[in-house]
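Asker: Generate coordinates for the sequence data below:
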Amino acid sequence: MPLVNMKVMLQKAKEGQYAVGQFNINNLEWTKAILTAAEEMQAPVILGVSEGAAKYMGGYKTVVNMVKGLMEDMKITVPVAIHLDHGSSFEAIKKATEAGFTSIMYDGSHHPIEENIAVTKQVVEYAHARGLSVEAEVGTVGGNEDGVIGDIQYADLEECVRLVKETNVDCLAPALGSVHGPYVGEPKLGFKEMEEIKNATNVPLVLNGGTGIPDEQIRRAIACGTCKINVNTENQM
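Answerer: Residues are numbered from 1 along each chain as shown. Next comes the predicted model:
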């Protein structure tokens, strides 16, 4: 099966009230293990690739060729997307797109909302014209992972609505208490805010920092509109 973008994948998840896993990769062994599990479960999967991981593996094109080769040799039949995780610039997004990535995230959450919206809109126009899906982020996910550092700052409902309406983004990652890396103590997600954002934006929501969140909270997040759950740290444990 050829690579796909996330749009149809996440719309089906939204309609079916389940979530698709994004598992970040940084070598062949991880990628093979993730594809094997997805095929065994007959579940769609998103392979997340940070800018740092792409550089470590030899570049965006190397990543795409590796994934395509594994999918062909392993006879993978489930939908697979290659997603640029936390893209920091339009330049990085162009490089990933030209290499054959099928989905990208522009993370402008550390910028003022006006700048986040402006750049996200530019990214969406560029990516949609080339058949890619786009994810954006509002608020700040806490913790430290692969150079992504921040203190928790909850996403603002009005800013989420503005960004979705003005950019036509395919899915939204609102920061609502999750962190990158291991949790210290019990995770405390903002489910009330999550449901409000789901109802106000009507797009699939994304939960960053899925490692260490109890199953009960994962299920509740899905009930509150989360259609994509990102996992990286747990792969390294």
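
Asker: Beyond the lengthiest helix in the chain, next helix or strand please.
Answerer: Ranked by residue count, the top helix of the chain under DSSP state H comes out as helix 113-128. Sequence order places strand 133-138 as the next helix or strand after helix 113-128, per DSSP states H and E.

Asker: Report the angle between that following strand and helix 113-128.
Answerer: In terms of direction (axes from the mean of the first three to the mean of the last three CA atoms, to 10 degrees), strand 133-138 departs from helix 113-128 by 170 degrees.

Asker: Next, count neighbours for the residue lying closest to residue 77 once chain neighbours are set aside.
Answerer: Spatially, and ignoring its direct neighbours in sequence, residue 77 is nearest to residue 1 (5.4 Å; CB to CB, 6 or more residues apart in numbering). In this view, the C-beta of every residue, glycine as well, is placed from N, C-alpha and C. Residue crowding around residue 1 was assessed by other CB atoms under 10 Å; the count is 11.

Asker: list the contacts for residue 1?
Answerer: 71, 76-80 (CB atoms under 8 Å, 6 or more residues apart in numbering).

Asker: just residue 95 next, same as before
Answerer: Counting by CB under 8 Å, 6+ apart, residue 95 has contacts residue 60.

Asker: That one looks like it's in a helix, true?
Answerer: Yes. Residue 95 sits within a helix when classified using DSSP: H, G, I helix; E, B strand; the rest coil.

Asker: ok, now how distant is it from residue 160?
Answerer: Using CB to CB, to the nearest Å, one obtains 28 Å as the distance from residue 95 to residue 160.

Asker: what's the answer for residue 21, then?
Answerer: Distance from residue 21 to residue 160, by CB to CB: 23 Å.

Asker: Could you do residue 135 as well?
Answerer: 13 Å.

Asker: for the protein, which spans come out with low pLDDT?
Answerer: Low-confidence segments of the chain, defined by pLDDT under 70, are located at 141-152, 177-187, 210, 232-237.

Asker: what about the helices in the protein?
Answerer: Counting by DSSP H, the helices of the chain are 7-16, 28-41, 51-56, 60-73, 90-99, 113-128, 157-167, 191-201, 215-223.
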